[in-house]
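**Q** Next one to model:
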Amino acid sequence: MELLNKKEYSIPIFILFVFFMFYKPVVCFLILGSLTTLIGIKSWIFIVNIQKNGIKSIGKILSYESDEDGHKTPTIEFKTKKGNQIKKKPYYYASTDLSKIKTYKNKINESVSVLYDKKNPEKFVIETERDFNYFSLILIILVGVVFLTVGTLSLLEIIQIIF
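**A** Predicted coordinates for the structure are as follows:
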């Protein structure tokens with residue numbers, strides 16, 4: 001996620017994507033597949049590391065915020081062992097389409113267990129979401145691999161995609 005938030009990476013990637021949309025669209029499959037797979041693997045490594053080395057704390061759900069698609073993400077407040085107060089959204093949180101129609105009013109002020117990175121406490125995950133996080137990352141990585149496979153097979157002219 002951090003990769004696409006940095007302008008020095010996102011602007012060249014966007015320019016390359018637009019260029020290849022008109023020149024050779026199949027390369028866009030490779031770009032999308034690479035980005036999706038890379039982001040999925042980086043997030044997977046983060047989740048594995050925080051499960052092994054993360055520091056456990058109890059937080060409180062302050063609110064749920066909807067993104068442009070209507071998916072809701074909680075804002076959580078917790079205290080680190082050093083006494084720092086963190087009030088932020090989880091570093092990785094996967095929501096479903098069900099969260100678009102679901103209200104989370106009964107979850108406000110509910111206590112949740114969080115695991116935070118001891119080097120950067122603002123990077124945290126909700127401990128009880130571990131299984132769903134892994135499931136969503138598997139799907140993300142699989143989608144990336146499918147895009148990479150289709151792009152590679154098309155470039156090698158094993159399959160033909162007509163645009």
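
**Q** Could you point out the helix or strand that follows the longest helix anywhere in the chain?
**A** Counting residues, the longest helix in the chain under DSSP state H turns out to be helix 26-53. Once helix 26-53 ends, the next helix or strand along the chain (criterion: DSSP states H and E) is strand 55-66.

**Q** Show me what that following strand is packed up against.
**A** In this structure, strand 55-66 packs against strand 72-79, strand 111-116, with contacts taken as 3 or more Cβ pairs under 8 Å, 6 or more residues apart in numbering; DSSP states H and E. (Glycine included, C-beta is placed from N, CA and C.)

**Q** List the buried residues of the first one.
**A** Buried residues in strand 72-79, counted by 16 or more other Cβ atoms under 10 Å: 72-74, 76, 78.

**Q** picking that back up, taking the mean pLDDT, what do you get for the longest helix of the chain?
**A** Summarised as a single mean, pLDDT over helix 26-53 is 95.

**Q** measure the residue nearest the centre of the chain to Gly59 for me?
**A** With distances taken as Cα atoms, centre = their mean, the residue of the chain nearest its centroid is Tyr92 (5.4 Å). For Tyr92, the distance to Gly59 under the criterion Cβ to Cβ, to the nearest Å works out to 15 Å.

**Q** Give the residue spans of the chain that score low on pLDDT.
**A** Scanning the chain for pLDDT under 70 picks out 1-6, 97-104.

**Q** Would you enumerate the residues in contact with the residue nearest to Phe147 when sequence neighbours are not counted?
**A** Distances taken as Cβ to Cβ, 6 or more residues apart in numbering place Gly33 nearest to Phe147, at 3.1 Å, with adjacent residues excluded. Counting by Cβ atoms under 8 Å, 6 or more residues apart in numbering, Gly33 touches 144-151.
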